[in-house]
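Asker: Model the following, please.
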Amino acid sequence: MTDPVLLHVSDRIALLRLNRPERLNALSYALIDALTAVLDRIETDSNIRAVILTGAGDRAFSAGADIHEFSESVRQGRATALRDFVRRGQAMTARLEAFQKPVIAAVNGLAFGGGCEITEAVHLAVASDRASFAKPEIRLGMPPTFGGTQRLPRLVGRKRGLELLLTGDPFTPQRALEIGLVNAVVPHDQLLPASRALAARIIRHGPDAVASVLTATTRGLNMAIGEGLQLESEQFARLVGGCDLEQGLAAWRDR
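Answerer: Alright, predicted model coming up:
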């Protein structure tokens, strides 16, 4: 049986591939569970400092949920659909968002539905000039359920987010860059090199400092400013007396 998620590690960067190219890397329950399990395994591996997430093949990052599987859960009723589909998908995107190492989506093709929600949840994203994005759930008669109604408007603004959510229309990687969904658009053959270069620019810094920035930012966005500032203070306090801060200050003094 083919692994639904492939893992390759080099230069302290883990490359994860969603591996259902024949189904446009649709997010089956098995794939979601496998991705979560891999994230659990690599988060505590000190030899891995960053993660790049992409899709197998040249056509899709992920075309979204596996509709055939999801439809069967819906057929079995509300409780089953919520348990098997919604909670599983929300747990996956929350895991990516809260990951303690930077996660970069390398969007190599279609990023529709759940694929777009993964892009919204990860910390950074680089898109191929062949990528395409969409929030098509409304065409199925439903809202996004992996966090899209919450994260997308926070990323791009309420009115722009609602336009994408309510029309279901596809949009280009250039539009994704313009509204802040991705950090860069690059030629297709430069997608992974550009993503690795971005990861390298991050992991040159201390891992504890990187983790503190990720925690303060991703958690703080959902807090009032006062709570966020307290969280920021706590993340700084964690670093006082540690190697990252001591070495950083010493290097600065020696310049």
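
Asker: Residue 211 contacts residue 98, doesn't it?
Answerer: No - applying CB atoms under 8 Å, one finds residue 211 not in contact with residue 98, separated by 10.8 Å. All C-beta spots, glycine's among them, are computed from the backbone N, C-alpha and C.

Asker: where's residue 218 relative to residue 207, distance?
Answerer: 16 Å (CB to CB, to the nearest Å).

Asker: likewise residue 239?
Answerer: 11 Å.

Asker: quick one on the thing from earlier: looking at residue 211 and residue 98 now, which is surrounded by more residues?
Answerer: Neighbours were counted for residue 211 and for residue 98 using other CB atoms under 10 Å; residue 211 has more, 18 against 14.

Asker: Let me know the helix or strand that that one is in.
Answerer: helix 207-220 (DSSP states H and E).

Asker: In that helix, which residues are buried?
Answerer: 207-216, 218-220 (16 or more other CB atoms under 10 Å).

Asker: just curious, which of those residues is nearest to residue 200?
Answerer: Residue 200 has its nearest neighbour among the buried residues of helix 207-220 in residue 210, at 12.5 Å by CB to CB.

Asker: you'd agree that closest one is up against residue 101?
Answerer: Yes - between residue 210 and residue 101 there is a contact under CB under 8 Å: 7.2 Å.

Asker: Pull the number of nearby residues for residue 178.
Answerer: Residue 178 has 14 neighbours, counted by other CB under 10 Å.

Asker: Per-residue pLDDT of it, please?
Answerer: Per-residue pLDDT puts residue 178 at 98.

Asker: which strands and helices sit next to the helix or strand it falls within?
Answerer: Using DSSP H and E, the element containing residue 178 is helix 173-179. Contacts defined by 3 or more CB pairs under 8 Å, 6 or more residues apart in numbering; DSSP states H and E place helix 173-179 against strand 124-128, strand 132-134, strand 184-186.

Asker: For burial, what's the neighbour tally of the closest residue to residue 220 other than its chain neighbours?
Answerer: Nearest residue to residue 220, sequence neighbours excluded (CB to CB, 6 or more residues apart in numbering): residue 228, at 3.6 Å. Neighbourhood size, residue 228 [other CB under 10 Å]: 16.

Asker: and residue 228, how far is that from residue 100?
Answerer: Residue 228 is 18 Å from residue 100, by CB to CB.

Asker: got it, and residue 30?
Answerer: Distance from residue 30 to residue 100, by CB to CB: 25 Å.

Asker: and if you look at residue 158?
Answerer: In terms of CB to CB, residue 158 sits 30 Å off from residue 100.

Asker: Contacts only, for residue 205.
Answerer: The neighbours of residue 205, taking CB atoms under 8 Å, 6 or more residues apart in numbering as the test, are residue 244.

Asker: other SSEs contacting the helix or strand of the chain with the lowest mean pLDDT?
Answerer: Least confident helix or strand of the chain, by mean pLDDT, DSSP states H and E, is helix 243-253 with a mean of 86. Helices and strands touching helix 243-253, as assessed by 3+ CB pairs under 8 Å, 6+ apart, comprise helix 207-220.
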